[in-house]
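J.: Fold the following for me, if possible:
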Amino acid sequence: PVHQIAFDSEGDRLAIGGKSIQLWNLVSNEIEATSQGTETSVLSLCFSRDGSKLLASFDDNFARLFDVQAELEPLLSPFPHRGTGFPGRPYLEPIFVDQDRGILTKPSKVEWIDVESGKLRKTITSKSPNATWMTCSPDGRYFTVTWQGGAGYQVWDSVTEELVGQGVDGAAGECWSAQYTPDGLDVFVLKGRSVERIKAIDAEGYGSEIPELSRLQHFCIAPDGRQFAVSDADGGVAIWEQDTYLPQCENDENRRSAPVASRRSRQHFLPGKRTRLKASSSGDYVLACGSNLLFGTTRQVSLHRSSDFSLVDSIHSDSLILDASISPDEQTMAFTNLDRQIVVWRRGDSANRRILATVDTEPVSVEFGPDADSLIVLQIDGTVCCYHTRSGAQLWQKSHPKVELPQIRRRSDWHIYRRPNGF
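T.: Have a look, this model is predicted:
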């Protein structure tokens, strides 16, 4: 089965990882390369920024580097990487640093490997042996490592190979992840109960943190850098607004005023196991639903305004929800359930919902096409169907008999991805 998929930076190639890795050229619509098969499974895939290299980690606790331009020939001998070990937390993936000239991996400690020679350049250590997250700035120069056990975070300059700053979170605290702002000037660090914003150039904080009442779980920044969202262990979702801070002159990245974030909204509790949130195309609405990743999810789909998270619409299903989607025009919603039904309804008119189709096997993912007239459904046996949302007619079907998804509820990597120009 397929375990991981990843686009390159241009969206022209798709890497497909299972027991081997296939490179699908989306321009010519051909499989242009296949790596040598192994007895292990791919856990992560990452293209270099220029698309010439592919970094993959496997469940044998090794990572491998492939040459995209030479039909996925190995560039280095396999090197150790262990990205698991924290229940309920995301898998720690190896990443490119130093404008793709280096790789960060975690066999036990964090190691910095040179891409050309495969030799160890540096070992990244702290008072805790357990790194929880590694992330690189958009330009590839700076990278941040967060640690468990109160060791806080470290910010490194990959060009000078120097530690530019660090923050110790205290013996009782944890740092679980970090994310750079789109301009690469700042880093948000997700701690146990707060989010701190620091400067990428020197790791200095702005003197204030954004507190939450419960243990934080997830964090993401909007593409424009003006909003970010956090969720906590009590089912709360908070959306924050902030100013964007750019340098006042080209050669001075420190002349910025302290950022101020104000909480926009908080929904204190989403009933049931709402394990999936989907934003509408304009960002004005958020769809909350159950997920195919976990048994026992909720039977309800709810639509909220992102401005204040107030409830706009909700609908109940006769069986457990597997996935839901909102159309690009934000007028039509759809969900799939364990009864193998595809249900659609108009926003604000859930009483007149209708069953668009009943599929043969469990529908694990649903997504609208570029307009509201088509609906794509992925089934657990690998079949992909497209339906007309008004008539219910099946427009096409693609079957992949070699692809089976028996472990779908224990995986977090199966979604339908939309390219910028469509599917």
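
J.: For the stretch 51-200 of the chain, give me the ranges with low pLDDT.
T.: Residues of the stretch 51-200 of the chain meeting the criterion pLDDT under 70: 85-89, 169-173.

J.: model confidence over the helix or strand where Gln22 lies, on average?
T.: In the assignment (DSSP states H and E), Gln22 maps to strand 21-25. Here the mean pLDDT over strand 21-25 is 93, rounded to a whole number.

J.: For stretch 317-328, C-alpha coordinates in CSV please.
T.: Included here for stretch 317-328 are C-alpha records, laid out as CSV according to Å, rounded to 0.1, in the frame of the first residue of the first chain:
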residue,chain,number,x,y,z
SER,A,317,-25.7,11.6,10.3
ASP,A,318,-27.2,8.2,11.1
SER,A,319,-23.8,6.7,11.4
LEU,A,320,-20.2,7.9,12.2
ILE,A,321,-18.7,10.6,10.0
LEU,A,322,-15.6,9.7,8.1
ASP,A,323,-14.9,13.0,6.2
ALA,A,324,-16.6,16.2,5.1
SER,A,325,-15.9,19.0,2.7
ILE,A,326,-17.2,22.5,1.7
SER,A,327,-17.4,23.6,-2.0
PRO,A,328,-15.2,26.5,-3.3
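
J.: So which bits of that stretch are buried?
T.: By 16 or more other CB atoms under 10 Å, the buried positions in stretch 317-328 come out as 317, 320-327. No exception for glycine: its C-beta is placed from N, CA and C like everyone else's.

J.: how about those in a markdown table, adding pLDDT?
T.: Written out in a markdown table, the entries for those read as follows (pLDDT from 0 to 100):
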| residue | pLDDT |
| --- | --- |
| Ser317 | 86 |
| Leu320 | 81 |
| Ile321 | 84 |
| Leu322 | 84 |
| Asp323 | 87 |
| Ala324 | 90 |
| Ser325 | 92 |
| Ile326 | 93 |
| Ser327 | 93 |
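
J.: Now, those residues that are in strands?
T.: Among these, DSSP state E puts 321-326 in strands.

J.: which pair in those residues spans the largest distance?
T.: Using CB to CB, those reach their maximum pairwise distance at Leu322 and Ile326, which is 15.7 Å.

J.: in the stretch 251-400 of the chain, which spans are strands?
T.: Assignment of strands within the stretch 251-400 of the chain using DSSP state E, counting those that start in this stretch yields the ranges 261-267, 276-279, 285-289, 300-305, 311-316, 321-326, 332-337, 341-346, 354-358, 363-368, 374-379, 384-388, 394-398.

J.: okay if I get those strands as JSON lines plus distance to Glu162?
T.: Putting the strands of the stretch 251-400 of the chain into JSON lines (distance: least, CB to CB, whole Å) gives the following:
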{"stretch": "strand 261-267", "distance to Glu162": "30"}
{"stretch": "strand 276-279", "distance to Glu162": "38"}
{"stretch": "strand 285-289", "distance to Glu162": "41"}
{"stretch": "strand 300-305", "distance to Glu162": "45"}
{"stretch": "strand 311-316", "distance to Glu162": "50"}
{"stretch": "strand 321-326", "distance to Glu162": "46"}
{"stretch": "strand 332-337", "distance to Glu162": "51"}
{"stretch": "strand 341-346", "distance to Glu162": "55"}
{"stretch": "strand 354-358", "distance to Glu162": "58"}
{"stretch": "strand 363-368", "distance to Glu162": "44"}
{"stretch": "strand 374-379", "distance to Glu162": "46"}
{"stretch": "strand 384-388", "distance to Glu162": "49"}
{"stretch": "strand 394-398", "distance to Glu162": "51"}
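
J.: quick one: which of these has the weakest pLDDT on average?
T.: For the strands of the stretch 251-400 of the chain, the bottom mean pLDDT is recorded on strand 261-267, which sits at a mean of 46.
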